[in-house]
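# no FASTA, just this:
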């Protein structure tokens, strides 16, 4: 039995779903690459589903599309934290960041829209500050990996 069920776990937020993420998904599939991408119908909540965790764990690569509105989504941040945690724990997944119309340094240093999003999360009494710290660390880790820059900034 192969170690990986998927070549790629495609991780993105809704602002790129109908554009860049869809095109990238189609191109990867056309090249015969087995891609897991979550569907819009997937129920989102406070916790990542076991099916989604298993897909992360059974993927060789995680392509992470970081966009301007990415950090405003608690769901996307939780999923990113799981990807980074899996990499740290088992070192079985390789992360490839794509900086979509954002500067890698803005992601790494959490400036601009990223700073605003994190400030909003910190004001939300339903979000644990430790979880926010986990998200910040995951952001720093992923933005420190050499990736691809797409679009004008």
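Structure received. Just so it is clear, the structure is predicted and the values come from calculations on it, not from any experiment.
# contacting residues around the top helix by length along the chain?
The longest helix of the chain (DSSP state H) is helix 74-90. Contacts of helix 74-90 from elsewhere in the structure, counted by CB atoms under 8 Å, 6 or more residues apart in numbering, are 9, 11-13, 44, 46-48, 52-53, 56-57, 62, 64, 70-71, 92-95, 121, 127, 131, 134-135, 137-139, 141-142. Bear in mind the C-beta positions are built from the backbone N, C-alpha and C, glycine included.
# can you give me how far the lowest-mean-pLDDT helix or strand in the chain is from the chain middle?
Comparing every helix and strand of the chain by mean pLDDT, DSSP states H and E singles out helix 14-16 as the least confident one, with a mean of 82. On the basis of CA atoms, centre = their mean, to the nearest Å, the separation between the geometric centre of helix 14-16 and that of its chain is 12 Å.
# which parts of the chain are strands?
With DSSP state E, the ranges of strands along the chain come out as 6-11, 35-37, 59-66, 94-100, 148-150.
# right, so of these, which gets closest to residue 20?
Nearest to residue 20, of all the strands of the chain, is strand 94-100, at 5.7 Å by CB to CB.
# now the angle from that closest one to helix 74-90?
Computed with axes from the mean of the first three to the mean of the last three CA atoms, to 10 degrees, the direction of strand 94-100 lies at 150 degrees from that of helix 74-90.
# show me which positions of strand 94-100 end up buried.
Across strand 94-100, burial judged by 16 or more other CB atoms under 10 Å covers 95, 97-100.
# same question for stretch 86-95.
For stretch 86-95, the neighbour count (16+ other CB under 10 Å) marks 86-87, 93, 95 as buried.
# pull the most distant pair out of these.
Of all pairs drawn from these, the greatest distance, 9.6 Å, lies between 86 and 95 (CB to CB).
# mutual contacts of the two, please.
Residues within reach of residue 86 and of residue 95 at once, by CB under 8 Å, 6+ apart: there are none.
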